[in-house]
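Colleague: sequence and predicted structure below; questions after.
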Amino acid sequence: MRLFIYGTLLDQSLRDAVAGEGGQLVDAVLPGYAVRPLAGSVVPIVQADAQATAQGKLWDGINADQAARLALYEGIYDYRLIDVTVTLADGTAAAAQMWVPPQDAGLGDGSWSLAHWQTHYAKASVLAAQELFAMDPLPSLSDLAWQFPMMQKRAWGQVQASQTAAPGSLRHSPGAGDVTVTHRKPPVGSFFRLQGFGVEHRRFDGGRQGPLPREVFVGIEAVIVLPYDPVSERLVLVEQLRMGALIRNDPNPWILEPVAGMIDAFEAPETAALRETKEEAGLDVTLRKVSGCYPSPGNATDFFHCYVGLTDIPDTDHWSGGLAAEHEDLRLHVVTLDRALELVASGEMNVAPGVMLIYWLALHRAALRVEFSGGIAS
C-alpha cells in the first residue's frame, strides 16, 4: 500500500503507535487540495481546493497488517480511502491513496499547524492509540465508536496530571527512582477499565518495597459544579439514578449531587464545567474554583475539578434537565444552603464532592453575600 499522509500521521510517534514501524517516507505534495482545521476538533481535514497544494509525505511499503490497523484507526472518524496522484520532490508523479473525511465534515476557523498539535495534543493522541492497539483482540469499529472517546479522555487526563504542579511542603517530594511501575497487564473492560500492575517504591525508613501486585480503576478527569445564588443563598442539586450506589446494594440509589460530567479529550476543565452546567441545569454560571482532588486515590485514577457556579437561580423548586442523547434522566432541586446542610447531616446528601462544596459554601457564605450584594453581573 502507498499512502499520502498530510496531518497527525506525519508525527512519527503517533504513526508508530497506530501502524507500527515500517515503510519508507518521502516528501510529497498533492495539488488541488488544502489541509485545514476540522470544526470542533484538534485534527485537520483535507479539502479539494483548486488553488491550493497540500504538503505531506508519501508513505510507501505499508504491509497488510499496517493497512488493517490504519483502516481501524481512520474508521473511527468515518474516513474513507480515495485514489490520488501526488508530486514528489523531483517533480515526478506517483499514484497513491489518501484517507479523507466525510463529506459533511465542518471546516474550523484559522489554519492547522502540525507543530502546534505536536506541542499540545500529540502525547494524549499517542497514549490513546497505544491503549487501542494493546487490546487483544482489537475491537470492532462499532464498539470503537463509544470506546475510543473514553480512551482519549483517559489519555488526556494522564497528560494533564503529568503537567500539574505537585507541591511537597509536608508530604514526600519524590526523586528519580522513588517509585516504579512494573509488569503492566493489559487493562480489562470496555467503557471503564481495570489496570493490573506491579509497584516498587521507596519506604519512609529509606528501604525499598516491592514489586507488589496492585490494581486500579483507570478513570477520567471530571468537573463538579454546585450552582449557587449568593443573593438568595439557594443552590441547585441534581437527582439521578447512580449505578455505583445501585450495585453497592444501597436501598436508595437515587442520588443528590452537584452538576457533574467528564472532561472531553483536549478540553480545558473550565470549558467542561461551563458546558456541563448548561447541559444538565440549563444555567450560565461564573466559576469559582474550590479544589482539584482525587476522590479515591487508593483504588482509582479519577480526578475531580470542583467549582461553585455563581448564578441567578430561577424562582422554582425543581425542573428537569440533561441531554436525551446521553440518556440522562435528571431532576433538579432548588434548596437553601441551610436545607442543603440538613441533607448532609441526615445522610441524604452522601456524595463526597457535594458535601465538600456545601461545606465550602457554609464557610464562605457571608463573604459571598457581601461580594454580590448588588446582584450577579450577567
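Modeller: Alright, I've got the coordinates.
Colleague: ok, for residue 338, nearest residue in space, not its chain neighbours?
Modeller: Residue nearest to residue 338 in three dimensions, not counting chain neighbours: residue 233, with 7.8 Å by Cβ to Cβ, 6 or more residues apart in numbering. The way it works is simple: take the backbone N, C-alpha and C, and place the C-beta from them, glycine included.
Colleague: could you report the neighbour count for residue 374?
Modeller: Residues near residue 374, counting by other Cβ atoms under 10 Å, number 7.
Colleague: can you check the pLDDT for it?
Modeller: Note for residue 374: predicted pLDDT of 74.
Colleague: can you check residue 311 too?
Modeller: Listed pLDDT for residue 311 reads 96.
Colleague: where's residue 21, which helix or strand?
Modeller: Assigned by DSSP states H and E, residue 21 belongs to no helix or strand.
Colleague: state the distance from it to residue 146.
Modeller: 30 Å (Cβ to Cβ, to the nearest Å).
Colleague: neighbour count winner among these two?
Modeller: Each of residue 21 and residue 146 has its neighbours counted (other Cβ under 10 Å); residue 146 has more, 11 against 8.
Colleague: contacting residues for the more buried one?
Modeller: Residues in contact with residue 146 (Cβ atoms under 8 Å, 6 or more residues apart in numbering) are residue 191.
Colleague: before we move on, what about the one 10 residues further on?
Modeller: For residue 156, the set of contacting residues under the criterion of Cβ under 8 Å, 6+ apart consists of 124, 221, 263, 264, 265, 266, 267.
Colleague: hang on, the third one packs against residue 220?
Modeller: Yes - distance between residue 263 and residue 220: 7.0 Å, which falls inside the contact criterion (Cβ atoms under 8 Å).
Colleague: name the residue in these two with the higher neighbour count.
Modeller: Counted by other Cβ under 10 Å, residue 263 and residue 220 do not tie: residue 263 has more neighbours, with 25 against 21.
Colleague: backbone phi and psi for that one, please?
Modeller: Backbone torsions of residue 263, given as degrees, to the nearest 10, read phi -80, psi 130.
Colleague: pull the contacting residues for it.
Modeller: Here residue 263 is in contact with 153, 156, 157, 220, 221, 222, 223, 269, 272, 305 (criterion: Cβ under 8 Å, 6+ apart).
Colleague: so which of those residues wins on neighbours?
Modeller: Counting by other Cβ under 10 Å, top hit in these: residue 223 with 27 neighbours.
Colleague: which residues does that residue bridge with?
Modeller: residue 261, residue 305 (DSSP bridges).
Colleague: for it, give its distance to residue 95.
Modeller: Taken as Cβ to Cβ, the span from residue 223 to residue 95 is 49 Å.
Colleague: same thing with residue 101?
Modeller: In terms of Cβ to Cβ, residue 101 sits 21 Å off from residue 95.
Colleague: returning to what we had before: so which of the contacts of residue 156 are in strands?
Modeller: Residues from those lying in strands, with DSSP state E as the criterion: residue 221.
Colleague: okay if I get the contacts of residue 156 as TSV plus pLDDT and distance to residue 10?
Modeller: Compiled in TSV, these are given as follows (pLDDT from 0 to 100; distance: Cβ to Cβ, whole Å):
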residue	pLDDT	distance to residue 10
124	97	17
221	96	28
263	97	27
264	96	24
265	96	20
266	96	18
267	96	24
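Colleague: looking at the contacts of residue 156, which one is closest to residue 53?
Modeller: residue 266 (28.1 Å; Cβ to Cβ).
Colleague: the closest one reaches residue 123, doesn't it?
Modeller: No - counting by Cβ under 8 Å, residue 123 is not a contact partner of residue 266; they are 11.1 Å apart.
Colleague: average pLDDT across the helix or strand containing residue 197?
Modeller: According to DSSP H and E, residue 197 maps onto strand 193-202. For strand 193-202, the mean per-residue pLDDT is 95.
Colleague: in the helix or strand following that strand, what counts as buried?
Modeller: For strand 193-202, the following helix or strand on the C-terminal side (DSSP H and E) is strand 208-218. Going by neighbour count (16 or more other Cβ atoms under 10 Å), the buried part of strand 208-218 is 210, 216, 218.
Colleague: pLDDT wise, what is the last one at?
Modeller: pLDDT, the model's per-residue confidence, is 93 for residue 218.
Colleague: quick check: beta-bridge partners of it?
Modeller: Beta-bridge pairing for residue 218 (DSSP bridges): residue 193.
Colleague: residues touching it, list them.
Modeller: 154, 187, 192, 193, 194, 195, 300, 301.
Colleague: what's the farthest-apart pair in those?
Modeller: Top of the distance list for the contacts of residue 218 (Cβ to Cβ): 187 and 300, 13.1 Å.
Colleague: which of those two has more residues huddled nearby?
Modeller: Taking neighbours as other Cβ under 10 Å, residue 187 and residue 300 compare with residue 187 leading, 20 against 16.
Colleague: could you check how far the residue found closest to that one once you drop the neighbours it is linked to in the chain is from residue 291?
Modeller: Nearest non-adjacent residue to residue 187, counting by Cβ to Cβ, 6+ apart: residue 193, 4.1 Å away. Using Cβ to Cβ, we find residue 193 at a distance of 26 Å from residue 291.
Colleague: who's more crowded, those two?
Modeller: In this view residue 193 and residue 291 are compared by other Cβ under 10 Å, and residue 193 has more residues nearby, 20 against 13.
Colleague: any idea how far residue 135 is from that one?
Modeller: Distance from residue 193 to residue 135, by Cβ to Cβ: 10 Å.
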